[in-house]
Structures are given as C-alpha cells and as structure tokens.
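Novice: Structure, please.
(one chain, ligands or ions: 2)
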Amino acid sequence: MFAKPLLRTATSWIAIAALAACATTSSPTGASNANGPATAQSAAAFVQSAEEELLRRSEYEGRVAWVYNTNITFDTEWLLQRADAEGTEARVRLASEAGRYANVELPADTRRKVDLLRLSLVLPAPQREGAASELSEITTRLASTYSTGRIEYQGRQVTLDELETLMGTERNPARLEEMWTKWHAVAAPMRDDYTRMVEIANEGARDLGFDNVGQMWLSNYDMPAADMEAEVERLWGQLQPFYEQLHCYVRARLNDRYGDAVVPEDQPIRADLLGNMWAQDWSTLMPIARPPGARATYDTTQLLTRAHYTPVQMTETAERFYTSLGFPELPDTFWERSLLTRPRDRDVVCHASAWDIDNVDDLRVKQCIQINAEHFQTIHHELGHNFYQRAYNQQPYLYRNGAHDGFHEAIGDFVALNITPEYLTEIGLLRRNQIPSASSDVSLLMERALEKISFLPFALTMDQWRWQVFDGRITPDRYNAAWWELRERYQGIRPPNARDETMFDPGAKYHIAANVPYLRYFLSYVLQFQFYEAACRQAGWEGPLHRCTVYGNREVGERFARMLEMGASHPWPDALEAFTGTRQMDGGAMARYFQPLMSYMQEENRGRTCGW
Ligand code: X8Z
Ligand code: ZN
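Specialist: Ligands and ions are numbered 1, 2, ... in the order given. Next up is the predicted model:
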C-alpha cells in the first residue's frame, strides 16, 4: 500500500509509478544490468533511493487522488489517469529492480524492504510503451462508472448511498428486486474494460516474475502464496459451521415473513432480501431475525437520530474512543479537510475511505455519512485507519503500512466491537434503565452475527472470483455465471432473476470496480475478535465477552499503540504477538464470542433441513 488513501482505489494506488521512459529491464534472476551488479551494497543504496522517491511521489499522488475522489470531473479524471500511469511506471521500475536481488544474500531489513518493493502494486503494468496509460485509463473509467452511477427509482434519480439505506428498510420483494436489478445494470458496461484490464495486469505480473495478479496479491502475507491460501481455508473451516447455522435460522425467519413462494426453505436465499445490496451485512434484518419471544433491544439508529446526532458529532464520538485509550486528538486539519457528507452539487466517490496525504499528519476521512448504526460503525472503522497511519509515521517510508492489510482493516472494527450497551450509557446515548438484561444477550449477539458472520463467505467469494479470473480458471465468457456459482456455493444465495453474460454483476460492488483486494476484510473479521478478546483479557474483564468495553483503559491503549507503531517493520506475526501474545491468526476468538448464540441457533434449527 503506498499511496495514501487507505482503501486505496485502483486509481490512486494501483498504479503509482513513474519515469516510464527510463525504466530498466528487469532481470528477476539477479543478474547484473545497466545499474551494475546486484550486491548487498547496491541493494542498500537502491532501497534508500526508492524510499525517497516514493515518499516524494506519494504526497503528490495523494493530493491528485483526493481531488478526484471529492470532485469527479473530466479534468480530475485526466489528472488522476496521468498521476496513476506515472505512479505505476515508477513502481514497476522499482519492483523490477527489486527482483534483481531475489537470490542475493541481504541483511534482514534490506531484504524486507526489497520484498515489499516487489509487491508494491495492486495492478502492475507491463513495461512496454503505453501499457501503463492504457491500464490507468481503464481503471479510472471503471471507478468513475461505479461512483457516478445512479438509477431511476420511483420517479427520481437515486444514488447508491440512498439505495443502500433503502435496501435495509424496504421489505416489499418486488421493490427490492427492482432496486437490486437496476443497480446491477450500472455495472454491465464494465465488462469489456474489466476483461482488457485483466489481460494487461497479468502481463505486468508475469513481467515481475509472478504467475498472475492473484498470486501477487496472495504473496503479500510474509509466506508463500499457496500457504496463505491454505491459511484462509483453515480459518473458514473454523467459522463455516457458524455461517451454516445462521443461514438456516435466517432463511426460516424470512420464510415466516415472505412464505414458501419467495423463500423456499430448501433453496439458496434470494440475494435482494438480505437487507443489503450485496448481501454482505444482514444486520438491518434484525426486526425480522430477532429471536422470537426476546424483548426488543435498543436500536442504535434511533438513539442517534433522537439525540439529533450530526455527521461531525458521529465522528467526534468515534475520535473520543481513541483519545480515551491515550491516542492524541486528530489534528485541526482533519476537521478542515475531511469530507463527511455527500456534496449536493458534484459527483464524488462516496465509498468511505481514510487518507494520510503527507504520510505524517495530514489525515482525512471521506465518507458520505448518514445518521444510522452502520455509518456509526463505519466512522469508527475509518478512524482506525487514521490512528494507525499516525502511529507508524516514525517508521521508514516502506514500513508506514499495516502489519498486513487485514490489520489495517481490523483496527477500527476492533474499537467498534467495544460499542456495548454499557459504553453507550457512558457516553449518554442510552439511559441506564435501557440497558438490556442478560436475557437479551441472544438478541445482542444475533445483531452482531448478522453483521459479522454473514460477511465471511461474501468476502471469500469476492477474491475467490478474482483469483480464478486472474489465473484463467474463469474466462470472460463465464464471468457472471462463475460469480453466481461462487455466491451460491459459499453464501447460499441466488439472484432474484435470471442473469446472463450481458451483465457484469461483480462490478456492482465497489472493490471490484475500483480494484481493491478483498481478502483483507476476511482476515480483519477474524483478527478483530482476536484483538478484542486480548484487550478484554488485559483489562481483566470477567463477564460475557460481548459485554466488555475497554473504553478509557490507558493500559490496553498503550499496548495497542505498541502494535500500531510497528507498522510493517516486522513480519505480521510479531505485531500480532505484541498485542495478543499469539503468532497465529485464529477463528477461535470469534467462535468463543458467538458460542452462546451458536447453541441457541442449533436448538432453534433442530428439525429444520439446513443447507442449500
Ligand atoms: O470498504 C470498506 C470500508 C473502507 S476500507 C468502508 N469495508 C468493506 C466494504 O464496505 O465492503 C468495510 C467492511 C467491508
Ligand atoms: Zn477500511
């Protein structure tokens, strides 16, 4: 991750390269080239000059990308394409040069930086003339098609952020199908661009000595790509039984609501009925999925609305959690330069992101905040990126990054797990007499499960599809069919109507249109529970895990900060160990958190035929 927007878009950092004209040919075998023989000494000099160059470029690229992201016009697209193409050329040149040191013995620190340089691109371009420009033109067009997409619904032009809210509140299947289908149609024109993009980027990956782009993405976890793929399988194996129970339980509740014709109990669930455009977060189904007989708990959206919260107040509240742990306040420039609501007069990239424009302290969030529970979570998520960025800003440039990308995604989500009823009382959003009693634990856990467990197979599908597209197992004539096969296999869902190859349904999700790898979120959902369990143990918490909050706990904050300050300076197991005491990613913490709910669901599902 180099550029600065965190959740860098394809455009802002895929590319990021430069000086195409003077690119040297790579020689991954380590032979000498125009730069002289590859030795430990030349490696140290190469790394130093690469860090200087990238630091310089990254601020420029960050500002160009910010201007595009907050005001999409012909000219900002033009600027972005150019900065992106130059950035890609520079990074390809550096990655290629780094490849020369593959078989040279180097001191550990230099070896780590050389390896990071080799992996610094999301979508590499081949080094031939014009390739980086063509790639940037395509990725910018894909990103803009997504972010400027609108549909006509009930006589008006509706943007995606509005549609997302409607998908969570509308319960009429015909209207849900209409919104879903029209939004997915926005992505159909992306198909040819996506096909060409895969060809170019794969050629770029092969030039750098990788089999394909997917293998390159999987090589970014301090272990061989094949081992990482096996790790993912292992983690999914730990948590899959929870998803199977949740799927079974939710399908039965939807069946109660909609009947056999709409939700047959032996079929995959219709994707548009799950309360979210991508069926990746089912928490808005809480009114339908609430355990029968359980008393209604509080509704966070209602608490925020009744307290007349504004987007700025939601952000201040999130900031306060971090300062309560001992982190310094955000700088004034954060408040002056962030974009916290959708502007009425121009197109922007509304998908939330966090930025560190100068790699030091020019931190910003860009989020079209709406006053609801999901956006309250998201602003905690985004600030997690910002506090991480500032914590590691003393590291050398190449280490100003997450221990791995899943860590970066997990920081703010770990903090948001601390939003318990007791915490909401402490900050004055919930009255003491509204704190749900222990008999509501199953409801509280159900709401979290609808958010967290439902997400896991979705996240896997996103990159399973891309890994297979990049390695050729999925060919362009099967893009859509393969997408739905994976969605059915992992998530047990189906589209509301027939799909065919004139459509491009994967592109209806931001991270595919914008080329942001997605495995990071799967890993984050596992890691955030490991962080949370460790933090609560450090705090001496003794009650049920999901009631624990470490709000205000400076000791936990200090130990947490020690992990964040490491950035990417060490292999990720070192960072994980610094905070949690373990060196392995492990679904056990998430499983323990949800165990009381698991027992409840198993009981409820007794006699049902689960699966699809
Ligand atoms: O993209 C995001 C963040 C920015 S890194 C808002 N998330 C994923 C998504 O929206 O699909 C957070 C959860 C998963
Ligand atoms: Zn994020």
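Novice: Would you map the strands across the stretch 201-350 of the chain?
Specialist: Ranges of strands within the stretch 201-350 of the chain are 269-270, based on DSSP state E, counting those that start in this stretch.
Novice: Get me the contact residues on it for ligand 1.
Specialist: Not one residue of the stretch 201-350 of the chain sits near ligand 1, judged by Cβ under 6 Å from any ligand atom. In this view, the C-beta of every residue, glycine as well, is placed from N, C-alpha and C.
Novice: residue contacts, the residue in the stretch 201-350 of the chain that ligand 1 sits nearest to?
Specialist: In the stretch 201-350 of the chain, the residue that lies nearest ligand 1 is Q280 (6.0 Å; Cβ to the nearest ligand atom). Q280 sits next to S454, F455, F458, A459 when contact means Cβ atoms under 8 Å, 6 or more residues apart in numbering.
Novice: Apply 7 Å and report the result again.
Specialist: Listed by Cβ atoms under 7 Å, 6 or more residues apart in numbering, the contact partners of Q280 are S454, F455, F458.
Novice: And it, what's its pLDDT?
Specialist: Turning to Q280, the model gives it a pLDDT of 98.
Novice: Need phi/psi at it.
Specialist: Main-chain torsions, Q280, degrees, to the nearest 10: phi -100, psi -10.
Novice: In the chain, where is pLDDT below threshold?
Specialist: Filtered on pLDDT under 70, the chain yields the residue ranges 1-35.
Novice: Show me which residues of it sit near ligand 1.
Specialist: Residues of the chain found near ligand 1 (Cβ under 6 Å from any ligand atom) are L7, A352, S353, T378, H381, Y521.
Novice: residues near D471, how many?
Specialist: D471 has 14 neighbours, counted by other Cβ atoms under 10 Å.
Novice: Actually, T73.
Specialist: Neighbour count of T73, defined by other Cβ under 10 Å: 13.
Novice: quick one: it from L80, how far?
Specialist: Separation of T73 from L80 (Cβ to Cβ, to the nearest Å): 10 Å.
Novice: Look at T315 and say how many residues are nearby.
Specialist: Neighbours of T315 using other Cβ under 10 Å come to 23.
Novice: is it fair to say L430 lies in a helix?
Specialist: No: secondary structure assignment (DSSP: H, G, I helix; E, B strand; the rest coil) places L430 in coil, not in a helix.
Novice: which residues does it contact?
Specialist: Applying Cβ under 7 Å, 6+ apart to L430 gives the contacts Y298, L303, P421, L424.
Novice: And the residue nearest the centre of this protein?
Specialist: For the chain, the residue sitting closest to the mean C-alpha position, by Cα atoms, centre = their mean, is Y521 at 4.6 Å.
Novice: so what's that residue closest to, chain neighbours aside?
Specialist: Leaving out its chain neighbours, the residue that sits closest to Y521 by Cβ to Cβ, 6 or more residues apart in numbering is A459, at 4.8 Å.
Novice: Quick check: which element contains the closest residue to R559 other than its chain neighbours?
Specialist: Using Cβ to Cβ, 6+ apart and skipping residues adjacent in sequence, the residue nearest R559 is F579, 5.9 Å away. Assigning secondary structure by DSSP states H and E places F579 in helix 572-580.
Novice: The helix or strand following that helix vs helix 572-580, what angle?
Specialist: Following helix 572-580 in sequence order, the next helix or strand is helix 588-605 (DSSP H and E). Inter-element angle recorded for helix 588-605 and helix 572-580: 80 degrees (by axes from the mean of the first three to the mean of the last three Cα atoms, to 10 degrees).
Novice: in terms of contact, does the residue nearest to R559 touch F531 like I think?
Specialist: Yes: look at F579 against F531 with Cβ atoms under 7 Å: they come within range, at 6.5 Å.
Novice: how many neighbours does T301 have?
Specialist: Counted with other Cβ under 10 Å, residues neighbouring T301 total 19.
Novice: so it makes contact with Q370?
Specialist: No: if you go by Cβ under 7 Å, T301 and Q370 don't touch, sitting 9.3 Å apart.
Novice: nearest to G587, of the contacts of Q280?
Specialist: G587 has its nearest neighbour among these in F455, at 13.2 Å by Cβ to Cβ.
Novice: Quick check: phi and psi on the closest one?
Specialist: According to degrees, to the nearest 10, F455 has phi -70, psi -30.
Novice: quick one: contacts for it?
Specialist: Residues near F455 by Cβ under 7 Å, 6+ apart: Q280, D281, Y525.
Novice: Just give me the neighbour total for the last one.
Specialist: By the criterion of other Cβ under 10 Å, Y525 has 23 neighbours.
Novice: Look at it and give its secondary structure.
Specialist: Judged by three-state DSSP, the three-state class of Y525 is helix.
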